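*Asks:* Sequence and predicted model, in that order:
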Amino acid sequence: MDPVQITKAQPDCAATLKRTMRWSKLFTPTLRDAPNDAVAPSHRLLIRGGFIRQLHAGHYSMLPLGWKVHQKVAQIVREEIEAIGGQEFLLPTMHPAEIWQKSGRWDTMGEIMFRLDDRRGNANALGITHEEIFTTVAAELSSYKQLPQIWYHIQTKFRDEARPKSGLLRVREFHMKDSYSFDVDEAGLDASFDLHDAAYRRIFARLEIPSFGVQASSGAMGGNDSVEFMTPSDAGEDDVIRCPQCDYSANIEKGTSAITPVVDEAGPETPERFDTPGVRTIKALEEFPGGAAADRQLKTLVMMMDGLLTLVLVRGDHQLNTQKLADVTGAIEIRPAEVKETFAAMGAHPGSLGAVAVTDHPIIVDEALRGRTNMTTGANTDDVHYRGVSVERDINASQWADLREVQAGEACVNCGAPLEIVRCIEIGHIFKLGTKYAEVFGARVSTPEGGETPIVMGSYGIGIGRNMAAVVEAHHDDKGIIWPVSVAPFEAVITLMRLDKETIAAGEKLYAELKAAGVDVLLDDRDARAGVKFADAELIGIPYRLTLGPRGLAEGNAEFTVRSSSETTNVDLASAAATVWEAVSAAR
RNA sequence: CGGGGUGUGGCUCAGUCCGGUAGAGCGCUGCGUUCGGGUCGCAGAGGUCCCCGGUUCGAAUCCGGGCACCCCGACCA
């Protein structure tokens, strides 16, 4: 028997060709038409290009090309988190109810969390995020000397979204990178937070997603100093307030604006009742003789806050933002009261409601109503209103808060410029958790002074699939996707116009050269018409194409085409691989 | 969860109002043709018409119930 030979691997042309990625063997079911129910560009193109297929609402299969892109996106995220000291973990996706009960989120998460019982009848949850799990592990940290730590994982998260939509943009099962920072104090947390902020900006730059950070509500996740990264897109689901002049930007759930003060007359000593037959809306009351302009009316909203009927007051021409209401009250379940609940509590129907002299329900009043006098509002009798209402004198406010939703054109609180409201996709979220989880799970470290302190934590998330979709939203045209080289399913494609011996040989030679140079390349050897091959290459968005046909080959040329610009040039066969390599490496 | 819409071959859709044994285009298979931008011709395969029940001689079509998916809103990192 021959002795085992251990030899250093040598480039082997024959082996390379055996491993050649041939389009004829590639499973990429491209479609000429997108399914009619796909609306968002990324959704349509990822389906048409054969990247993804839906299994059911909010659950997608990643086909080979889709998974390849997904992994490239994840790898960029991984590299940038490693670069700030992140250490990668693999954690359970199914968690015992107990751990969520311990943090209190078993109840507060509500229906967004998938829950299931095991054979013993024990309750479990599918992880929607991993604060609880990481903090449990972090309980083994014992000394300030071990800090700071940044821990992360890239894994499946489950969220039982009420309405999955827009392909990969909002799904129920998805991969997310979440990292958690562990510091001994607030200053350390600030530093870890800033590291993530910078890492996230590098990630979006490498993905070529235009992005900016906005002040945000941290919602059910808990915490403060919350920054969301946004990319403008009609396919998004967040409205963002942006100042075109200074750097102010905030999620509409959080942001505010300066509004022109309304000058009120003092009004009467006490509110005056007056009949308003048939008046049911702000607009109708504006037009009613003896009524008032919308900005001189009080809008009284009846909300059920965790089952407690509550009055919420905003100016007549303002909108309530329910997330702001949730944030200031801590309520979990908020819904408008039903008409019959409202009538039972108030004695009147919507359209004639008001808070004057109401004492048996909590009343939360928007800050914009501070100091307002001589206002008009419903009198809790159908077809009757009050005028001459002074908010602070006549209404028993239990809480004042910023509840108003900013409208486009209102003035920036920093510089006074008119604000814009931009539809955006949320592509990342970083926020400071503080010591909440550390205290619950006993993650404490000894301090230099010899005492003990709970670890101060931060939490940082990026949805991989959503970012993949966001790249497509930012980079496509009417022919298909235009992937940035950094995440393209292939960096280059060699398109054979004919399948004769000479063309195939030239294609395989180029393939081997590019492969040897480290270029991720695909050989289109399908027996199809030129139009089909070009259209498919453009649809799936390969950044660079080398076209080999009899026309150019006769003169020793290939054609080099750039997907993003459609620019085509002739290159000498001998230098074709180098041309591609240079373009790819410059763009990586 | 509220409102709207849709379920017919792999994809896009017609047929449903007015019940009569299921169609087109694209795609797919074979043969021929063509060969640098989704050729052309011939032949062919492929459908529990979302499911269950009812009415009827007969249901894709009418009636009842259910399910799924999409869009808008609510909600949601």
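*Replies:* Yep, that arrived.

*Asks:* which other helices and strands contact the top strand by length along chain A?
*Replies:* Across chain A, the strand with the greatest residue count (assigned by DSSP state E) is strand A:420-434. The helices and strands touching strand A:420-434, judged by 3 or more C-beta pairs under 8 Å, 6 or more residues apart in numbering; DSSP states H and E, are helix A:186-206, strand A:224-232, strand A:238-242, strand A:456-463, helix A:464-474. To be clear about C-beta, it is placed using only N, CA and C from the backbone, and glycine gets the same treatment.

*Asks:* and the gap between A:Leu169 and RNA strand B?
*Replies:* Remark: distance between A:Leu169 and RNA strand B (C-beta to the nearest atom of the strand, to the nearest Å) = 7 Å.

*Asks:* tally of neighbours for that residue?
*Replies:* Residues lying near A:Leu169 (other C-beta atoms under 10 Å) number 25.

*Asks:* quick one, phi psi at it?
*Replies:* Here is the backbone geometry of A:Leu169 (degrees, to the nearest 10): phi -70, psi -40.

*Asks:* mind listing what the nearest residue to A:Val39 once chain neighbours are set aside touches?
*Replies:* Once flanking residues are discounted, A:Val39 sits nearest to A:Ser166: 6.9 Å by C-beta to C-beta, 6 or more residues apart in numbering. When contacts are counted by C-beta atoms under 8 Å, 6 or more residues apart in numbering, A:Ser166 touches A:Val39, A:Ala40, A:Ser42, A:His43, A:Ala235, A:Glu237, A:Ala469.

*Asks:* now A:Ile427
*Replies:* A:Ile427 neighbours (C-beta under 8 Å, 6+ apart): A:Phe204, A:Ile209, A:Ser211, A:Phe229, A:Met230, A:Thr231, A:Ile462, A:Gly463, A:Arg466, A:Asn467, A:Ala470.

*Asks:* Let's see that with 7 Å instead.
*Replies:* Shown in contact with A:Ile427 (C-beta atoms under 7 Å, 6 or more residues apart in numbering): A:Phe204, A:Ile209, A:Ser211, A:Phe229, A:Met230, A:Thr231, A:Ile462, A:Arg466, A:Asn467, A:Ala470.

*Asks:* ok, now A:Ile154?
*Replies:* A:Ile154 makes contact with A:Ala74, A:Val77, A:Arg78, A:His175, A:Lys177, A:Ile464 under the criterion C-beta under 7 Å, 6+ apart.

*Asks:* most surrounded residue in the residues you listed?
*Replies:* Among the contacts of A:Ile154, the one with the most neighbours (other C-beta under 10 Å) is A:Val77, at 26 neighbours.

*Asks:* Quick check: that one touching A:Gly461?
*Replies:* No - taking C-beta atoms under 7 Å as the definition, A:Val77 is not a contact partner of A:Gly461, at 10.5 Å.

*Asks:* which residues are in contact with stretch A:144-152?
*Replies:* If you take C-beta under 7 Å, 6+ apart as the criterion, stretch A:144-152 is touched by A:81, A:84-89, A:134, A:141, A:177-184, A:188, A:192, A:445-448.

*Asks:* Tell me how many other residues crowd the closest residue to RNA strand B within the stretch 301-450 of chain A.
*Replies:* Per C-beta to the nearest atom of the strand, A:Thr322 is where the stretch 301-450 of chain A lies closest to RNA strand B, at 2.8 Å. Other residues near A:Thr322 number 18, with proximity taken as other C-beta under 10 Å.

*Asks:* Now it: closest residue in space, sequence neighbours ignored.
*Replies:* A:Ile334 (5.6 Å).

*Asks:* ok, now which ones touch that neighbour?
*Replies:* Counting by C-beta under 7 Å, 6+ apart, A:Ile334 makes contact with A:Met303, A:Met305, A:Thr322, A:Leu325, A:Ala326.

*Asks:* circling back to that earlier point, any figure for the gap between the residue nearest to A:Val39 and A:Ala191?
*Replies:* Here A:Ser166 is placed at a distance of 36 Å from A:Ala191 (C-beta to C-beta, to the nearest Å).

*Asks:* do A:Tyr248 as well
*Replies:* 24 Å.

*Asks:* where do the strands sit along the stretch 451-588 of chain A?
*Replies:* A:452-454, A:456-463, A:476-477, A:480-481, A:492-496, A:521-524, A:544-548, A:557-562, A:568-572 (DSSP state E, counting those that start in this stretch).
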